[in-house]
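1. Sharing a model that was predicted from the sequence below.
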Amino acid sequence: MHDLEVAGQEPGASGARVFPSGNFEAWRWLTEDQRLEEGMNRILVVNDDESTLMLYSEELLEEGYNVTTAHMGPQVTRLIKETRPDLVLLDIRSNQADALDLLMDIRDAYHDLPVLVYADNFPLQFRMKPRSADYWVLKSLSLTDLKLRIRMILERVQSPSGSGHKKGREPGFGYTGMIDSFW
């Protein structure tokens, strides 16, 4: 089990988000506002397993992302509204029937928000929904492919002017091509 530290405050203080401790750079103590000022992309990671959320949070924080984690459920759409992520990483297991419903809720409410599904396999009900995820990555023992895909997605949705404004989803990119490339 990891010791927990609070970003932006001394351990034990309240009012800041909690991240797993680790070998992070100096930015681990930045407040969320300071991280946003530094231009750190925001990622919302959704999974029902606490240890998996901690692992992803650690790995993505080390990559320099501003990470929020959530368990699968209706609170995810509320968190999207509150945190305005640049990307949603939806980690699903093949037996999670509610994942497709959540994915469709996200898509209906935030149609321009890129969604990456990270899964052991892609059940037929996901593949048959053309409006579902923008990107798909098959799980592996290493998170290298996932981190590379996240970096590519975030670079792709950045404004070419560098102003920080996002272009949003690019229709037609990602869905079929990404599935085909990982089969």
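-> Structure's in. What do you need? Numbering: from 1, shown residues only.
2. what about stretch 102-111, average pLDDT?
-> When pLDDT is averaged along stretch 102-111, the result is 89.
3. quick one: low-confidence ranges for the protein?
-> Scanning the chain for pLDDT under 70 picks out the ranges 1-39, 94-95, 122-131, 159-183.
4. can you give me the strands in it?
-> Secondary structure of the chain (DSSP state E): strands at 4-6, 18-20, 42-46, 66-70, 87-92, 115-119, 135-138.
5. Nearest to M152, out of those strands?
-> Distance to M152, taken as C-beta to C-beta, is lowest for strand 135-138 among the strands of the chain, at 8.8 Å. (C-beta placed from N, C-alpha, C; glycine too.)
6. which strands and helices sit next to the closest one?
-> Judged by 3 or more C-beta pairs under 8 Å, 6 or more residues apart in numbering; DSSP states H and E, strand 135-138 is in contact with strand 115-119, helix 144-157, helix 175-182.
7. go again using 10 Å as the cut-off
-> Applying 3 or more C-beta pairs under 10 Å, 6 or more residues apart in numbering; DSSP states H and E, one finds that strand 135-138 contacts strand 87-92, strand 115-119, helix 144-157, helix 175-182.
8. Quick check: neighbours of it in the sheet, parallel or antiparallel?
-> Applying DSSP bridges, strand 135-138 is found paired with strand 115-119 (parallel).
9. got the buried residues for the strand it pairs with?
-> Buried residues in strand 115-119, counted by 16 or more other C-beta atoms under 10 Å: 115-119.
10. Equivalent analysis for stretch 93-113, please.
-> Buried residues in stretch 93-113 (16+ other C-beta under 10 Å): 96, 99-100, 102-103, 106-107, 110, 113.
11. can you check stretch 46-53 too?
-> Residues of stretch 46-53 classed as buried: 46-48, 53 (neighbour count, 16+ other C-beta under 10 Å).
12. ditto for stretch 139-149
-> Under the neighbour-count criterion of 16+ other C-beta under 10 Å, stretch 139-149 has 143, 146-147, 149 buried.
13. closest to R78 among those?
-> Nearest to R78 among the buried residues of stretch 139-149 is L146, at 25.0 Å by C-beta to C-beta.
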